[in-house]
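*Asks:* would you be able to build a 3D model of this:
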Amino acid sequence: MKNTSFRCLWIGQAFANLGDIFYVVGLISLLYNLTGSAFYLSLLPFITTIFRFISSLLAPLVIDRFPLKRIIVQSQWWKTILLVCLGIFIISFDHGFSVAVIFFIALISLLDGVAAPVSAALVPQLVPKEDRMKANGFLNVITQTIFVAGWPLGSVLLISTNSSFIIWLTVLLYAVSTIYTGRIKVPEQTTAPVASSNWGSIKSGWGAIRQIPTIRTLISIDFISTLASSVWVAAVIYIYVEQNLQLGEEWWGTLTQATLSA
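*Replies:* Numbers count the residues shown, from 1 in each chain. This next block holds a predicted model:
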C-alpha cells in the first residue's frame with residue numbers, strides 16, 4: 001500500500017484502536033480503585049455501548065453534511081480533549097463514579113460512534129477500486145492484531161505503572177492518531193456533502209435494515225453480544241481475577257483477550 005493518504009488512515013486508526021483499549025483498561029482499574037464496586041464497573045461498558053448505539057443512529061446527519069476527513073479529525077481531537085478533562089477530574093478531585101464521569105464517558109462514546117463508519121467510508125475514496133479488497137483485508141489484519149495484543153499489553157503496563165499513567169498514555173495515542181488522520185488528502189470531488197433532510201438521512205440506512213431480516217438479526221446479535229462481553233470484561237473477569245484467583249492485572253488482560261477472541 002504505497003498510497004500516502006491510506007497509510008495515514010491505517011496508522012491513525014491503529015493508534016486510535018490501541019488507545020481505545022488502553023482507555024478501557026485504565027478507566028476500569030481507576031474506577032475500581034476509587035469505588036471498589038462491581039456495579040460501577042458494569043455501568044461503564046453499559047453507558048459506552050448505549051451511547052455508541054445512539055451515535056450510530058445519528059451518524060448519517062453528520063456524514064451527509066460535512067466532509068469525511070473533517071469529521072474523523074474533529075472527532076479524534078474532541079476525544080483527546082474530553083479524555084484530558086476526564087483524567088483531570090477523576091485524578092485531581094477523586095470523585096469516583098459521579099454524574100460528571102458519566103457525562104465524559106457518554107460524550108467520548110458518541111464521538112466513537114460517528115468516527116467508526118467514517119473511517120470505513122474513507123477507504124473507497126482513498127484506494128482505487130481494484131485495490132479495495134486488499135485494503136480492507138489489510139485494515140482487518142491491523143485491527144485484529146491490535147485487538148489481540150492490546151489487552152495483555154495494557155494489563156502489563158498497568159501493573160508496571162498505574163491507571164493514571166495509562167489514561168495519559170491514551171491521550172498521547174489519541175493525539176498521534178489525530179495528527180496522522182489530519183494528513184489524509186481526500187480528492188476534492190469526493191468531499192462534497194450530500195444535501196438531504198434530517199429524517200431522510202436517518203431512515204435511509206435503517207430502511208434497509210428493517211426490510212432485510214438477516215441484516216436486522218445480525219445487528220441485534222452484535223448489539224447484545226457487545227453489551228454482554230463488555231460487562232463480562234469489566235465487572236466479572238476483573239473482580240474474579242483479583243478476589244478469587246488473587247492474581248495481578250496482567251492475568252485480567254490475558255483472560256480478557258482470550259475470552260473476547262473465542
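*Asks:* quick one, helices of the stretch 101-250 of the chain?
*Replies:* Listed in chain order, the helices of the stretch 101-250 of the chain (DSSP state H, counting those that start in this stretch) span 132-160, 163-182, 198-211, 213-231, 238-239, 249-261.
*Asks:* would you single out the least confident of those?
*Replies:* Set side by side, the helices of the stretch 101-250 of the chain give their lowest mean pLDDT on helix 249-261, at a mean of 54.
*Asks:* thought residue 178 was touching residue 80?
*Replies:* Yes - with contact defined as C-beta atoms under 8 Å, residue 178 counts as touching residue 80 (6.3 Å). In short, each C-beta sits where N, CA and C put it, glycine included.
*Asks:* residues touching residue 118, list them.
*Replies:* By C-beta atoms under 8 Å, 6 or more residues apart in numbering, the residues touching residue 118 are 59, 63, 68, 71, 72, 75.
*Asks:* tell me the one of the residues you listed nearest residue 26?
*Replies:* Nearest to residue 26 out of those is residue 75 (C-beta to C-beta; 20.2 Å).
*Asks:* secondary structure class for the closest one?
*Replies:* Following DSSP: H, G, I helix; E, B strand; the rest coil, residue 75 is assigned to helix.
*Asks:* circling back to that earlier point, distance to residue 136 and secondary structure for the contacts of residue 118 - can I get that in TSV?
*Replies:* Output for the contacts of residue 118, formatted as TSV (distance: C-beta to C-beta, whole Å; DSSP: H, G, I helix; E, B strand; the rest coil):
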residue	distance to residue 136	secondary structure
59	20	helix
63	19	helix
68	16	helix
71	20	helix
72	17	helix
75	21	helix
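*Asks:* of those - the most surrounded one?
*Replies:* Most neighbours among those, by other C-beta atoms under 10 Å: residue 72, with 28 neighbours.
*Asks:* give me the number of residues near residue 151?
*Replies:* For residue 151, the count of nearby residues is 25 (other C-beta under 10 Å).
*Asks:* meant to ask about residue 145
*Replies:* Neighbours of residue 145 under the rule other C-beta under 10 Å: 12.
*Asks:* same deal with residue 213?
*Replies:* Each residue near residue 213 was counted by other C-beta under 10 Å, and the total is 9.
*Asks:* ok, residue 46 to residue 33 distance?
*Replies:* Residue 46 is 20 Å from residue 33, where distance means C-beta to C-beta, to the nearest Å.
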